[in-house]
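Enquirer: model the following, please.
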Amino acid sequence: MVGWAAISEMFGRNAGTEELEAFYPIRPECVADIPKTRFRPRAGKTLSARRWHAAFSEDGHLDIAKVLRRIQRGGIHPSIKGVVWEFLLGCFDPNSSFEDRNQLRQQRRERYGMWKTECQNMVPIIGSGTFITTPIITDDGQPIEVEGSQVASAVSDKKVAQWMLSLHQIGLDVVRTDRALTFYENETNQAKLWDVLAIYSWVDDDISYVQGMNDICSPMIILFENEADAFWCFERAMRRLRENFRCNTTSIGVQSQLGLLSQVIKTVDPKLHQHLEDLDGGEYLFAFRMLMVLFRREFSFVDALYLWEVMWAMEYNPHIFSLYEMPNATVDSDTAQTLDQKLLKQYGKFERKNVQNGNNEKNTALAIFLVASVLETKNKRILKEAKGLDDVVTILGDITGNLDAKKACKEALKIHNKYLRSKVGYIYNKVVS
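Expert: Next up is the predicted model:
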């Protein structure tokens, strides 16, 4: 870890890429192959450790509105990312005290420990500091002898069998995850990622494990020293994303977001939408990866984290903790009429606009409008050069390492506003007619 003196020094001047990436060192042989990092912590804009600690009251209540403003302007300094993400993702309530959160954290660590023990009893290699990349049972549940992981007998329980069959695939994906980072040169760190994904797939057996979850989970493993804390941060991130990973023989989970993306482009740029339709791309499947793993492939590791936290800050809803902790309780949905200015400031920019405009579309996410902003930046090239979907994919591939996350978010908000205005106008005209 980087010391506080170094952190202060970094904020005292324009931090260079080398200093920033001291938090997430890159393997020397990979430096030339990764996208350029654009994010820099900036004094007066980025949420610093000092600003973060100053946002708490004496007993621990957090001024979330102040924190959101700062993150939306300049992201979060790497030294405090993990603890801030816990609030953005709804792990903790800003209106809770230090004592409340310590108790909740301890309860969650114990619950994770119970799940881990349950999984270890079935597959002893879990928690051992190593992991598997080959199957441990056959498709019909018969044990396969694998070094370090013995399944005692044939598995007849369908849930257990499905889970065990996924473990080697998780291992194969772990090996491929963020290979440019020196953090994952250590097998113990890879095993930590495997453990969290394996236990999550056991707990959420409805979705289980789908490729791409490793890309969402990896930053949490790096940011949190405690494995249970990393798990819960990932679990909260998956609350937002899990439907994207729901796949069956007839549909993919992200299809609903692709459908909304189609509506957005049709509304804000009908000419581009028609061109994509003519190319048989009206289902927007070329945007699948961007939505599935939140632009992890299009940005450097540092810039992807910056993009995520800005998105989560802009999407922030002050009811998020209650909605996650008490899913069956009735939480009144706010409207512009019932909200005062103080409460409105506790919403992120994106979510505030949805509330003010009465937009309650279930699958609305800032990521959809980010993809729309990317398509708009490539509008002229797509219209001029794209003769087929392969051309669209090639044109969009050019954004890797060349996309400015801050500008993309600004453009996404503009498109969102335009889309909401068109919806309001459509409803008004419908009522009048």
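
Enquirer: okay, and Ile71 sits in which element?
Expert: helix 64-74 (DSSP states H and E).

Enquirer: give me the contacts around the following helix or strand past that helix.
Expert: Later in the chain than helix 64-74, the nearest helix or strand by DSSP H and E is helix 81-88. Under the contact criterion CB atoms under 8 Å, 6 or more residues apart in numbering, helix 81-88 has outside partners 47, 52, 62, 64, 67, 71, 76, 92, 94, 220, 223-224, 229, 232-233, 236, 305, 309, 312-313, 316. Glycine gets a C-beta too; all of them are placed from N, C-alpha and C.

Enquirer: let's see 7 Å
Expert: 47, 52, 62, 64, 76, 92, 94, 223-224, 233, 305, 309, 312-313, 316 (CB atoms under 7 Å, 6 or more residues apart in numbering).

Enquirer: report the buried members of those.
Expert: Buried residues within these, defined by neighbour count using 16 or more other CB atoms under 10 Å: 47, 52, 62, 64, 76, 92, 94, 223-224, 233, 305, 309, 312-313, 316.

Enquirer: between those residues, which is nearest Gly401?
Expert: Using CB to CB, Leu305 comes nearest to Gly401 of the buried ones among the contacts of helix 81-88, at 15.5 Å.

Enquirer: and that closest one, what does it touch?
Expert: Going by CB under 7 Å, 6+ apart, Leu305 touches 81, 219.

Enquirer: do that again at 6 Å, thanks
Expert: The neighbourhood of Leu305, defined by CB atoms under 6 Å, 6 or more residues apart in numbering, consists of Pro219.

Enquirer: now do the same for it: its pLDDT.
Expert: Leu305 carries a pLDDT value of 96.

Enquirer: what angle do the host helix or strand of it and helix 81-88 make?
Expert: Element membership for Leu305, per DSSP H and E: helix 301-314. Relative orientation of helix 301-314 versus helix 81-88 (axes from the mean of the first three to the mean of the last three CA atoms, to 10 degrees): 30 degrees.

Enquirer: then helix 301-314 to PDB, C-alphas only?
Expert: Written as PDB, here are the backbone C-alpha positions of helix 301-314 (Å, rounded to 0.1, in the frame of the first residue of the first chain):
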ATOM      1  CA  PHE A 301      -8.400  -0.900 -14.900                       C
ATOM      2  CA  VAL A 302      -8.000   2.500 -13.300                       C
ATOM      3  CA  ASP A 303     -10.400   4.200 -15.700                       C
ATOM      4  CA  ALA A 304     -13.000   1.400 -15.400                       C
ATOM      5  CA  LEU A 305     -13.100   1.900 -11.600                       C
ATOM      6  CA  TYR A 306     -13.400   5.600 -12.100                       C
ATOM      7  CA  LEU A 307     -16.300   5.100 -14.500                       C
ATOM      8  CA  TRP A 308     -18.100   2.700 -12.200                       C
ATOM      9  CA  GLU A 309     -18.000   5.000  -9.200                       C
ATOM     10  CA  VAL A 310     -19.100   8.000 -11.200                       C
ATOM     11  CA  MET A 311     -22.000   5.900 -12.600                       C
ATOM     12  CA  TRP A 312     -23.000   4.600  -9.200                       C
ATOM     13  CA  ALA A 313     -22.900   8.100  -7.700                       C
ATOM     14  CA  MET A 314     -25.100   9.400 -10.500                       C
END
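
Enquirer: what's the angle between the helix holding Ile71 and helix 301-314?
Expert: Orientation check (the same axes, to 10 degrees): helix 64-74 against helix 301-314 gives 140 degrees.

Enquirer: dump helix 64-74 to PDB, restricted to CA.
Expert: Only the C-alpha atoms of helix 64-74 are listed here, as PDB (Å, rounded to 0.1, in the frame of the first residue of the first chain):
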ATOM      1  CA  ILE A  64     -24.200  11.600   1.300                       C
ATOM      2  CA  ALA A  65     -25.200  14.600  -0.800                       C
ATOM      3  CA  LYS A  66     -21.800  16.200  -0.200                       C
ATOM      4  CA  VAL A  67     -20.000  13.000  -1.100                       C
ATOM      5  CA  LEU A  68     -22.000  12.400  -4.300                       C
ATOM      6  CA  ARG A  69     -21.300  15.900  -5.500                       C
ATOM      7  CA  ARG A  70     -17.500  15.300  -5.100                       C
ATOM      8  CA  ILE A  71     -17.500  11.900  -6.800                       C
ATOM      9  CA  GLN A  72     -19.600  13.100  -9.700                       C
ATOM     10  CA  ARG A  73     -17.000  15.900 -10.200                       C
ATOM     11  CA  GLY A  74     -13.800  13.800 -10.000                       C
END
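
Enquirer: show me what that helix is packed up against.
Expert: With contacts taken as 3 or more CB pairs under 6 Å, 6 or more residues apart in numbering; DSSP states H and E, helix 64-74 sits against helix 301-314.

Enquirer: same thing but 8 Å
Expert: helix 81-88, helix 301-314 (3 or more CB pairs under 8 Å, 6 or more residues apart in numbering; DSSP states H and E).

Enquirer: for the following helix or strand past the longest one, buried residues please.
Expert: I take that to be helix 301-314. Downstream of helix 301-314, the first helix or strand assigned by DSSP H and E is helix 320-325. Going by neighbour count (16+ other CB under 10 Å), the buried part of helix 320-325 is 320-321.

Enquirer: contacting residues around the nearest residue to Asp398 once chain neighbours are set aside?
Expert: Distances taken as CB to CB, 6 or more residues apart in numbering place Lys378 nearest to Asp398, at 7.8 Å, with adjacent residues excluded. By CB under 8 Å, 6+ apart, the residues touching Lys378 are 395-396, 398-399.

Enquirer: quick one: distance of the helix holding Ile71 to the chain centre.
Expert: Its chain's average C-alpha position is 18 Å from that of helix 64-74, according to CA atoms, centre = their mean, to the nearest Å.

Enquirer: same deal with stretch 396-414?
Expert: Offset of stretch 396-414 from its chain centre (CA atoms, centre = their mean): 16 Å.

Enquirer: contacts made by it with the rest, please.
Expert: With contact meaning CB under 8 Å, 6+ apart, stretch 396-414 is reached by 34-36, 38-39, 286-287, 295, 297-300, 303, 306-307, 310-311, 314, 349-350, 353, 366, 369-370, 372-378.

Enquirer: that'll do, ta.
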